[in-house]
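> With the input below, show me the fold.
(2 chains)
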Protein chains: 2
Amino acid sequence: MSAASNLPLSGARLWDSLMEMARIGATPKGGCNRQTLTDLDGEARHLLQRWAESCGLTLTVDRVGNMVFRREGRDPSRPPVAIGSHLDTQPTGGKFDGVLGVLAGLEIMRALHEAGAETEAPLLLINWTNEEGARFSPPMMGSGVAMGIFPEAEVLAKTDAAGAVFGEELRRIGWQGSADPTDLQRLGAYFELHIEQGPVLEHEGKEIGIVTHALAQTWYEVTVEGEEAHGGSAMQYRRDALMAAAPLIAAVEEIALAAGGAGRGTVGSVTVSPGSCNVVPSHVWFSVDTRHGDPERLAWMGERLHERAMEIARRRGVAIHVEEFWHSPLTPFDPALVTRLRDAAKARGLLWRDMPTGIGHDAVYCARRVPAAMIFVPCEGGISHNEAENITPAWAEAGLKVLADAVIATANG
Amino acid sequence: MSAASNLPLSGARLWDSLMEMARIGATPKGGCNRQTLTDLDGEARHLLQRWAESCGLTLTVDRVGNMVFRREGRDPSRPPVAIGSHLDTQPTGGKFDGVLGVLAGLEIMRALHEAGAETEAPLLLINWTNEEGARFSPPMMGSGVAMGIFPEAEVLAKTDAAGAVFGEELRRIGWQGSADPTDLQRLGAYFELHIEQGPVLEHEGKEIGIVTHALAQTWYEVTVEGEEAHGGSAMQYRRDALMAAAPLIAAVEEIALAAGGAGRGTVGSVTVSPGSCNVVPSHVWFSVDTRHGDPERLAWMGERLHERAMEIARRRGVAIHVEEFWHSPLTPFDPALVTRLRDAAKARGLLWRDMPTGIGHDAVYCARRVPAAMIFVPCEGGISHNEAENITPAWAEAGLKVLADAVIATANG
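Presented below is the predicted three-dimensional model:
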């Protein structure tokens, strides 16, 4: 077993820190509103800094505001092993999404400090800027710039709904550093602990999800063009765009289920025109979000969607256009690190399962450049991005232990 | 045959008048924008007045602006036989919706005047105020007040989107009279010629539709409540409000077709929340407009809708509420007048069929208080409420002849 099992890791201390951090931006319903680059984000960053420096970590801030705390290793020349996640939240977010990963990393640093323990490789604790993408879109900007997904200048120029500029807000709250964010592409390994944001682990009574990969995604826009008619007009001559769209919307779910494995299909946005109660719709627009753990099955889902659209268009005398507008490739996590996580879960006697993530995380962008891996812990009812988001202290502690064991095994391996 | 077949009815004169009236509010695409109580509506009313007075008619205007022209009968004590429709249009309306009925009535008056003919009962030509309901809602206000459907004071106080008040606009354009609109409840008969606003007659190669009744209607609001989830979340734990709504939307069409006869089902308006591409919808709202020529079948449609909603809700673990929010009873037209229209179509050797109207008309409100009947003529492609609305001079003339024959037979019968 790794050295970590002897570390004085404290689930209680982690929980207390989670609760203290949750006071910054606390909402009446028990959640958090601590959006990126607000004064509250600045306050949360200061609290993390005080905590981290009190256990001997040194802080570097890069030009997009990513906070990187370093704990020197016995061999400073080795590429560092990083633990990271984010402190920013959704406008009506919870206390755990992101925060758990950062503060679990902090707890590992505290325990190492308390034990006077050293690791071979240096360790880093990272708080990524703007993971949520709620105020400045897209999400995962800090890790995206670090890993070369987004150009730095483009991110600094982004504006929020009120017209505030990302770079200006970063300076206003005092958190623009001078380090080059892309230095982080030299990490030896990156680990992230996160709540599942789905109900699978809780439903199956598992304490740990070992995340093996991020699903490939393709998003489509579908447009159905029929003919406007009066709600009193005879059925047999109608070319009702919505009655053509309805079975195609239903088909998105059927296709996702038929795709097997981790197939996902979502229609999240629909517009019906002209949109009057007694007028047969002439136009329907809707989005289709498809995801799968197997790129070939994902492509198959797209083909089926096109086929169904053509079949419905032909049968109903309407025009249907299906256009791909976004694609994200399948991102596997590092097999050696994933094995290390599984070993840790087994050694700790925890109930675990492999699973993909259907949701983007900083770890997914990291995995495109450096060896990376992710741990999920359950969240109640699968609820997140919501003030009701909740986990148990036992779940947090299980995640902490697996994270610690894998990080230390990697840093010492 | 009735005296009408000897009348010098002129399809060409009717057509010329239609084209002349269409210049008032003409749109670049060949339609008309002559909304109720605008200056253009006032101009159209003056043109109709000039035409009508030049063939000896006398005008009375009532307190909601309905124009009623009278041609005295041999027996002035007999209840008058009226011909009516409307000169107001949709914002991007056509040249024929409503106008055909008014100007066909005018052509009958012209022909009678030219022939020096008399009828037993007096004849009336009516231009109803605000049939369209585009500027001031609801539609059919003038006939609605006359027939006691709407209180006069309520209609006079209605406002348009810009805040203009109906009664003030009526006075501003100089068309508020002093007659009591409900005097029109003493009509002996009411006839209206109108374009079909649907494709049935053209599709079947018929020249005349004998309208036997207006469909009964019931409108519902349907609310589906599921659970918001991330677009990356596993399919099996979702309670997707839209995937529950889609088969229920499709069921509206299935139910309308299964109802047989003149069953109609329309979902015209849909709202999906939260409405983000990668978020599983938690709420869907949609309208359902059901119509049928048999009130029992209409009720059956509502029962089926409720059943399907309950079945889907149970199967998918979502909540579905179906609430009726509007009902309009079946309105039969007067059997004796309908027979007279059929006789006229047969005698003229025209191709005709019986049909219901799924759409509201002034004649439908009239039918609730006085003997009333309606004639449809085809319109190209079933298109109306559109600048492309079109009919042929031959269709207009066929409608004119049937109208004239039935009106004169009724006035002399």
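
> How far does the top helix by length along chain A sit from its chain's centre?
Counting residues, the longest helix found in chain A (DSSP state H) is helix A:295-316. Chain-centre distance of helix A:295-316: 29 Å, with CA atoms, centre = their mean, to the nearest Å.

> cool, and stretch A:107-127?
25 Å.

> for chain A, which residue is closest to the average position?
Nearest residue to the geometric centre of chain A (CA atoms, centre = their mean): A:His361, 2.9 Å.

> Would you enumerate the residues in contact with it?
Residues near A:His361 by CB atoms under 8 Å, 6 or more residues apart in numbering or on different chains: A:Glu131, A:Met140, A:Glu192, A:His194, A:Ala214, A:Met374. Every residue, glycine included, has its C-beta placed from N, CA and C.

> repeat for A:Pro274
Each residue near A:Pro274 by CB under 8 Å, 6+ apart is listed here: A:Glu228, A:Pro281, A:Ser282, A:His283, B:Gly268.

> Tell me which two of the residues you listed sit farthest apart.
The most widely separated members of those, counting by CB to CB, are A:His283 and B:Gly268 (12.0 Å).

> follow-up on the earlier one: mark which of the contacts of A:Pro274 are part of strands, please.
Those of the contacts of A:Pro274 mapping onto strands are A:His283, per DSSP state E.

> neighbour-wise, which of the contacts of A:Pro274 leads?
A:Pro281 (28 neighbours; other CB atoms under 10 Å in any protein chain shown).

> Touching, that residue and A:Leu242? I think so.
Yes: in this structure A:Pro281 lies within contact range of A:Leu242 using CB atoms under 8 Å: 4.4 Å.

> what sits in contact with each of these two?
Both A:Pro281 and A:Leu242 are contacted by A:Gly226, A:Val272, B:Val267, B:Gly268, under the criterion CB under 8 Å, 6+ apart.

> Please tabulate these in CSV, including the columns distance to A:Ala344.
Putting those into CSV (distance: CB to CB, whole Å) gives the following:
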residue, distance to A:Ala344
A:Gly226, 57
A:Val272, 51
B:Val267, 53
B:Gly268, 57
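
> Please tell me I have it right and A:Val267 contacts A:Phe286.
Yes: A:Val267 lies in contact with A:Phe286 (CB under 8 Å); the separation is 5.3 Å.

> residue ranges with poor pLDDT in chain A?
A:1-5 (pLDDT under 70).

> So which residues of it form helices?
A:11-21, A:39-53, A:99-115, A:141-146, A:152-156, A:166-172, A:200-204, A:241-258, A:295-316, A:335-347, A:362-366, A:393-412.

> For the longest one, give me every contacting residue.
Translated: helix A:295-316. Contacts of helix A:295-316 (CB under 8 Å, 6+ apart): A:215-218, A:220, A:222, A:226, A:239-240, A:243-244, A:247-248, A:251-252, A:255-256, A:258-261, A:263, A:265, A:288, A:290-292, A:318-320, A:322, A:324, A:329-330.

> Is there a quick PyMOL command that grabs whichever of the residues you listed are buried?
A single PyMOL command is used to select the members of these judged buried by 16 or more other CB atoms under 10 Å in any protein chain shown:
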select buried, chain A and resi 215+216+217+218+220+222+226+239+240+243+244+247+248+251+252+255+256+259+263+265+288+290+291+292+318+320+322+330
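
> and chain B, which of the contacts of helix A:295-316 contact it?
A:Leu215, A:Asp240, A:Met243, A:Pro247, A:Ala256, A:Gly263, A:Gly265, A:Arg291 (CB under 8 Å from any CB of the partner chain).

> Tabulate those residues in CSV, adding columns for distance to A:Ala396.
Converted to CSV, those look like this (distance: CB to CB, whole Å):
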residue, distance to A:Ala396
A:Leu215, 26
A:Asp240, 52
A:Met243, 49
A:Pro247, 44
A:Ala256, 32
A:Gly263, 31
A:Gly265, 32
A:Arg291, 28
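
> Would you point out the most distant pair within the residues you listed?
A:Leu215 and A:Asp240 (34.2 Å).

> if we can go back for a sec, let me have the contacts of A:Pro274 in JSON lines, extended by distance to B:Gly174.
Output for these, formatted as JSON lines (distance: CB to CB, whole Å):
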{"residue": "A:Glu228", "distance to B:Gly174": "36"}
{"residue": "A:Pro281", "distance to B:Gly174": "40"}
{"residue": "A:Ser282", "distance to B:Gly174": "38"}
{"residue": "A:His283", "distance to B:Gly174": "41"}
{"residue": "B:Gly268", "distance to B:Gly174": "37"}
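
> Just give me the closest of the contacts of A:Pro274 to B:Glu53.
A:Glu228 (39.4 Å).

> ok, the shared contacts of A:Pro281 and A:Leu242 vs B:Arg74, which is closest?
Nearest to B:Arg74 out of the shared contacts of A:Pro281 and A:Leu242 is B:Gly268 (CB to CB; 49.9 Å).

> can you pull the contacts of that closest one?
Counting by CB under 8 Å, 6+ apart, B:Gly268 has contacts A:231, A:242, A:272, A:274-281, B:287, B:289.

> Off-centre distance for stretch A:86-100?
11 Å.

> Alpha carbons only: can I get it in CSV?
Taking Å, rounded to 0.1, in the frame of the first residue of the first chain, the C-alpha atoms of stretch A:86-100 are listed here in CSV:
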residue,chain,number,x,y,z
HIS,A,86,-12.6,25.0,-9.4
LEU,A,87,-14.1,27.3,-6.7
ASP,A,88,-16.5,29.1,-9.0
THR,A,89,-20.1,28.2,-9.1
GLN,A,90,-23.3,28.5,-11.1
PRO,A,91,-25.6,31.5,-10.2
THR,A,92,-27.8,29.1,-8.2
GLY,A,93,-25.1,26.5,-7.7
GLY,A,94,-24.3,24.1,-4.8
LYS,A,95,-21.5,23.8,-2.2
PHE,A,96,-19.6,20.8,-3.8
ASP,A,97,-19.4,21.1,-7.6
GLY,A,98,-15.7,21.9,-8.1
VAL,A,99,-15.0,22.9,-4.5
LEU,A,100,-14.8,19.3,-3.3
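
> and it with chain B, contact?
No: judged by CB under 8 Å from any CB, stretch A:86-100 makes no contact with chain B; its nearest approach is 10.9 Å.

> on that earlier part again, just the ones of the contacts of A:His361 in strands?
Short answer: the contacts of A:His361 in strands (DSSP E) are A:Glu192, A:His194, A:Ala214, A:Met374.

> what sits against the residue nearest to the last one when sequence neighbours are not counted?
So that's A:Met374. The shortest distance from A:Met374 to any non-neighbouring residue, by CB to CB, 6 or more residues apart in numbering or on different chains, is to A:Val211 (3.8 Å). Taking CB under 8 Å, 6+ apart, we find A:Val211 in contact with A:Phe333, A:Val338, A:Asp354, A:Met355, A:Pro356, A:Thr357, A:Ala363, A:Ala373, A:Met374, A:Ile375, A:Phe376.
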